[in-house]
Structure formats: structure tokens, C-alpha cells
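Novice: Build me a model from this:
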Amino acid sequence: MEPRYRTDVHDSARWDGFPWRPGDIVISPPPKCGTTWVQMICALLIFQTPALDRPLDQVSPRLDALAVDRQEALATLEGQHHRRFIKTHTPLDGLAFKEETSYLCVGRDPRDVAVSWDNHLANTDMVAFARARRSATGAGHVADAPSAGLPPMWADNVRKRFWRWVDDPTPPTETDSSLVSTLHHLQSFWEARYRPNVVLLHYADLKDDLAAQMRRLADRLSISIPDAKWPALVEAATFERMRARADELVPNASRHVFKDNRRFFASGTVGQWRAVLVDDADLARYHARVAELVAPDLAAWVHHA
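Specialist: Numbers count the residues shown, from 1 in each chain. Okay, here's the model as predicted:
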């Protein structure tokens, strides 16, 4: 039986009873590792055009999100006749494993993940999120979110927030916003990386050569694309083009949970963490924590060493 991953934001039990189809694609990176980027890439590969007929989160709904009406998401997926690609932040060991389904994950330097979380929380309208969650689930245990601004635990300086994220001991079944949960999620895919239907991508590789990584993913998904279409598809997946289309690409676009949709695409760079970890002692402390959590091979891969 799969473990249940449950936070104030998502619940993996929402996958229970999901009617799978052969060819389904599950996009499951840890949060802040390029999920929306890979959703857009999958849309471009499947539809072979930069145009979308509706917002991305309606084309590729997130089934485990508590701010999303599950029945609406299921109805959307049931009505789709194209190859379906579904967003989740549930680790691989929390999902039913189907040989005819493709499972995609993206790794990113966890230090950059922490910085991205910092921006994400600062840009989130907690009241709007609580409203969306109540509307979707009727549940009330996040109804007491702050009336404005950030959660009290986040009202601190950036270095303290970084180390709180790194040292948080909360089990990954209860949070998806910590170093523990990020590495656990990646490890669930790392252990299955040789399976033919499991695809591991890396954020830094996507930044280094987006075209090559898109072609690699198309090959792994057995999608054939005429050469003439590739330039427009790759251009549409660049950070700049996605940021320009933020209102149709950000998660929960219709629920207005972000103060600024363009800020969701904050910088898209590699190495943002260098503004936070300023000396060798910081790096030693960080790498010692990583070594407590994962084996050296995964640590080397995720840090792109």
C-alpha cells in the first residue's frame, strides 16, 4: 500500500480510484523544481503548437491539490481525447505504478529550491488560497490563514528561513516544503530511474540546452515531431516566453492565489543560493545535512556535480 502524503496543500489520497488510461503522463517533481515548465513542455510536445485553448492548469490539472475541486479535475481528464498529462507533487512511492504510464520528475539544486520557496511564499495570497481550498473541499483547517501577508513563521530574515527549510525534521508525508521532503521525493524517482517509463530531468540541463532536453523527452515519450516545428516549440518553452504568458500558465490562475502572476516566474536562474550561503562554513553545514539524508550518488546528481 502506498504511503499517504497529506499537507494543508495536497492529499495523495485524491489519486485513489483514478481511472488510468494507457499513455497517461504523470508530471511529479518536488515543488519549486520546474513543474510548470515541464507541464508546458509536455503541452508543446503533445499539441505541437504554442497555442493553448485554455489555461495550462485546466489542460493539465493537479489532482492531489486541495485548492482544486477533485470532481471537476476528474471530469476534465475524462473529457480529454488527447494524451493526458497530469500534475502532482506526490512522490513516486505514493502513486499507483502503471507500466503503460510515464512518470516524469525534475531535480534541482535544493539550495535554489529553498530560494524559490522564499519567493513563492512571499507572492502567495494566503487569504485567496484558503478561500480556494474551502471552496474545493469544504475543509476548514486552513481557514485561519493570516488576513494578509506571510505566515508568522516566515516573517524572518532570508538566512534564517533558509536554515529553517534545511533543518526542518517534519516527515515528508506531512510537508512538501523542506530539504527532507525535496530529497525524499527525488529519491523515490532515483531508485526507479532505470525503469523504461520513468524519466528524470534536471533543471540545470533544461537551462543549459532546452532544445536537446525537449528532444530527449519527446523520444522517451515516443512523440514524433517534424523538424520544422521544433524552433517555435522550443522558443515557447523559454523562461522569457512563459513569463510573458504568466496569466495563462501559472497554477491556480483562475483562483488568483498569487499577488503577481509574473512573479511566479521569478528569475529561472541556477545558483541563486550563492546570495544566501556566503562562506565555507555555510556550505559545510549544508552538505553535512544532505549527507544525513541521501546517498552520495543522488546528492551529486541533484547538485549537478
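
Novice: only C-alpha atoms for contact and neighbour calcs from this point on.
Specialist: Will do.

Novice: In the stretch 101-250 of the chain, what residue spans correspond to helices?
Specialist: Remark: helices assigned in the stretch 101-250 of the chain by DSSP state H, counting those that start in this stretch are 110-123, 126-137, 158-167, 179-190, 203-208, 210-220, 230-236, 239-244, 246-249.

Novice: Ranking these by mean neighbour count, which comes first?
Specialist: Ranked by mean neighbour count, the helices of the stretch 101-250 of the chain are led by helix 179-190 with a mean of 23 (mean count of other C-alpha atoms under 10 Å).

Novice: got a list of contacts for stretch 273-286?
Specialist: 111-112, 114-115, 158-159, 162, 166 (C-alpha atoms under 8 Å, 6 or more residues apart in numbering).

Novice: repeat that for 6 Å
Specialist: Defining contact as C-alpha atoms under 6 Å, 6 or more residues apart in numbering, one finds that stretch 273-286 is touched by 111-112.

Novice: So for residue 63, which of the helices of the stretch 101-250 of the chain sits nearest?
Specialist: With respect to residue 63, and counting by C-alpha to C-alpha, the nearest of the helices of the stretch 101-250 of the chain is helix 126-137 at 11.7 Å.

Novice: tell me how far that closest one is from the chain's mean position?
Specialist: Relative to the chain's own centre, helix 126-137 is displaced by 20 Å; criterion: C-alpha atoms, centre = their mean, to the nearest Å.

Novice: Over it, what's the mean pLDDT, rounded is fine.
Specialist: Helix 126-137 shows a mean pLDDT of 87.

Novice: re the thing from before, looking at the helices of the stretch 101-250 of the chain, spot the one closest to residue 70.
Specialist: Smallest distance to residue 70 across the helices of the stretch 101-250 of the chain (C-alpha to C-alpha): 7.5 Å, for helix 126-137.

Novice: Could you name the helices and strands sitting against the closest one?
Specialist: For helix 126-137, there is no helix or strand it packs on, judged by 3 or more C-alpha pairs under 6 Å, 6 or more residues apart in numbering; DSSP states H and E.

Novice: Let's see that with 10 Å instead.
Specialist: helix 70-78 (3 or more C-alpha pairs under 10 Å, 6 or more residues apart in numbering; DSSP states H and E).
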